[in-house]
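> What shape does this take:
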Amino acid sequence: MTTRSNFSVSRYAPDRGAVARLTARDSVLRRLDWPILLSALALSLIGSLLVWSATRGRTELNNGDPYYFLFRHLLNTGIGVALMIGTVWLGHRTLRGAVPVLYGLSIVLILAVLTPLGATINGAHAWIVVGGGFSLQPSEFVKITIILVMAMLLASKVDAGDQLHPDHGTVAKALVLAALPMGIVMLMPDLGSVMVMVVIVLGVLLASGASNRWVLGLIGSGVAGAVLVTTLGMLDEYQINRFAAFANPELDPSGVGYNTNQARIAIGSGGLYGAGLFNGHQTSGQFVPEQQTDFVFTVAGEELGFIGSGFILLLLGIVLWRACRIARETTELYGTIVAAGIIAWFAFQAFENIGMNLGIMPVAGLPLPFVSYGGSSMFAVWVAIGLLQSIRVQRPMTA
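This next block holds a predicted model:
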């Protein structure tokens, strides 16, 4: 007998008596999940202060304008919130019909990175320079596309009432569609994004009710793929050095281990209450590289201390908790899978980012959701919040 994951999907049998429309008494604003929205907004605003502190004295980055990164981060947040509103207005069910177009567009964008249009930033050839100082990292949006395309396939027959679980053929098709963009992103190489995508696929499979054989097979394939990539020399030297520094923190502390060592010094110096915003010696002395992006958590650790850093973790926890609640309460498998993919994405990326700041995870070049500076990342996570809100807003109401 085929074993299944612990996620029950029996509740996804179609409810023909469900009323999907919203009434005047039950408006969109009332149905929004306000804790997740306010927590995400608070994270973005705290991030703007941390980014400002990390960059206000970096004249080589801000062109002599100490407010440059602050205004850009706030602008990115504003655009992200607008994208969230647009996503809720369109609805995740409408986007379900547009998934093939979105998938094709994502493939085109990541392929464009491999052409002369692509640019190398911080060692990764994963960007498209749009112009006017703006750049686009397509792999951030591929995370959303993978979630949507897999959810569309895996939930199609279940939500129609034809099956209780996705069959093996459907699971295989979903994995192939996910593997194609992941393979292209690996060619950049953008190892950090691929790691997140693998975790997303795993979370989606667990939520779909697919056979545990697929889950175990994916884990085995991931291990085999990591060995193969290393053996064939597909990783750049800087990526190999990052793993070497993680395995041995004392290895070349002024070279490959510099980032991690300085990050740990900054966080450790903050103590319980921190040195105060704009008063961190490591931050103002510019000892930690990429402090506005990958290592923004070090600013929180040094200047806000354990309490301030803990508050950031609390807000991230609220986002994940409310997302789990949305996944549990929806009456369609499609919505549950989308929410589960977003949960896996946010949880792993936050853990990896904070972990590499603390030295307990290898440096992988992943931003801290909502907090790190970066337009593509900010836009993607707010679209994800929009999808979660849409799933909650469009829950069928019983008559």
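
> Check whether residue 28 really touches residue 393, as I assumed.
Yes - using Cβ atoms under 8 Å, residue 28 makes contact with residue 393 at a distance of 5.6 Å. Backbone N, C-alpha and C define where each C-beta goes, glycine included.

> what about these two, which has more around it?
Legend: neighbour count by other Cβ atoms under 10 Å for residue 28 and residue 393, higher for residue 393 (20 against 13).

> Can you give me the pLDDT of the more buried one?
As predicted, residue 393 sits at a pLDDT of 89.

> Quick check: phi and psi on the closest residue to it other than its chain neighbours?
Nearest residue to residue 393 in three dimensions, chain neighbours excluded: residue 31, at 4.7 Å (Cβ to Cβ, 6 or more residues apart in numbering). Main-chain dihedrals, residue 31, degrees, to the nearest 10: phi -90, psi -10.

> Residue 31 contacts residue 329, doesn't it?
No - between residue 31 and residue 329 there is no contact under Cβ under 8 Å: 11.3 Å.

> Mind listing the shared neighbours of those two?
The contact sets of residue 31 and residue 329 overlap at 392, 395 (Cβ atoms under 8 Å, 6 or more residues apart in numbering).

> List the residues that contact residue 139.
110, 126, 185, 188, 190, 193.

> In contact with the residue nearest to residue 186 when sequence neighbours are not counted: list those residues for me.
Distance criterion Cβ to Cβ, 6+ apart; nearest residue to residue 186, sequence neighbours excluded, is residue 194 at 5.2 Å. Residue 194 makes contacts with 182, 185-186, as judged by Cβ under 8 Å, 6+ apart.

> is it fair to say residue 275 lies in a strand?
No - the assignment for residue 275, made by DSSP: H, G, I helix; E, B strand; the rest coil, is coil rather than a strand.

> and residue 327, helix, strand or coil?
The assignment at residue 327 comes out as helix when based on three-state DSSP.

> Verify the stated contact: it with residue 340.
Yes - with contact defined as Cβ under 8 Å, residue 327 counts as touching residue 340 (5.4 Å).

> intersection of neighbour lists for the two?
By Cβ under 8 Å, 6+ apart, the residues touching both residue 327 and residue 340 are residue 207.

> Which of those two has more residues huddled nearby?
Neighbour count, other Cβ under 10 Å: between residue 327 and residue 340, residue 340 has more, with 26 against 21.

> you'd agree the more buried one is in a helix?
Yes - remark: residue 340 belongs to a helix, assigned using three-state DSSP.

> what's the neighbour count on the residue nearest to residue 393?
Around residue 31 there are 16 other residues, counting by other Cβ under 10 Å.

> Residue 126 should be in a strand, yeah?
Yes - assessed with three-state DSSP, residue 126 lies in a strand.

> For it, give me its contacts.
By Cβ under 8 Å, 6+ apart, the contact list for residue 126 reads 113, 118, 137-139, 185, 188, 190, 193.

> One more: residue 187?
residue 114.

> What residues sit buried inside stretch 353-363?
353-359, 361-363 (16 or more other Cβ atoms under 10 Å).

> Return the member of those residues nearest to residue 376.
Proximity to residue 376 was ranked across the buried residues of stretch 353-363 by Cβ to Cβ; first place goes to residue 353, at 15.3 Å.

> Would you check that that closest one makes contact with residue 372?
Yes - with contact defined as Cβ under 8 Å, residue 353 reaches residue 372; the gap is 7.4 Å.

> Please give the three-state secondary structure assignment for residue 272.
Under the three-state scheme (three-state DSSP), residue 272 adopts coil.

> Now do it: how many residues are near it, please.
9.

> Among the contacts of residue 139, which one has the most neighbours?
residue 190 leads the contacts of residue 139 on contacts (other Cβ under 10 Å) with 30 neighbours.

> where's residue 166 relative to residue 357, distance?
Per Cβ to Cβ, to the nearest Å, residue 166 is found 38 Å from residue 357.

> wait, I meant residue 315
From residue 315 over to residue 357 (counting by Cβ to Cβ), the distance is 17 Å.

> And residue 377, by the same measure?
Going from residue 377 to residue 357 by Cβ to Cβ gives 16 Å.

> ok, now residue 135?
23 Å.

> List the buried residues in the helix or strand containing residue 96.
Counting by DSSP states H and E, the element that carries residue 96 is helix 92-97. Of the residues in helix 92-97, 92, 95-96 count as buried by neighbour count, 16+ other Cβ under 10 Å.

> Make a markdown table from those residues and add pLDDT and distance to residue 281 to it.
A markdown table is the format used below for those (pLDDT from 0 to 100; distance: Cβ to Cβ, whole Å):
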| residue | pLDDT | distance to residue 281 |
| --- | --- | --- |
| 92 | 88 | 46 |
| 95 | 88 | 47 |
| 96 | 88 | 51 |
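
> so can I have TSV of these showing distance to residue 303?
Shown next, in TSV, are the buried residues of helix 92-97 (distance: Cβ to Cβ, whole Å):
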residue	distance to residue 303
92	38
95	39
96	43
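
> now, which of the residues you listed sits nearest residue 304?
Checking the buried residues of helix 92-97 one by one against residue 304 (Cβ to Cβ), the nearest turns out to be residue 92, at 35.3 Å.

> shouldn't the closest one be in contact with residue 387?
Yes - counting by Cβ under 8 Å, residue 92 does reach residue 387; the two are 5.3 Å apart.

> what do these two both touch?
What both residue 92 and residue 387 touch, as defined by Cβ under 8 Å, 6+ apart, is the set residue 338.

> Stretch 57-73: which residues count as buried?
So stretch 57-73, judged by 16+ other Cβ under 10 Å, has buried residues 62, 68-70, 72-73.

> of the residues you listed, closest to residue 172?
Nearest to residue 172 among those is residue 73, at 41.8 Å by Cβ to Cβ.
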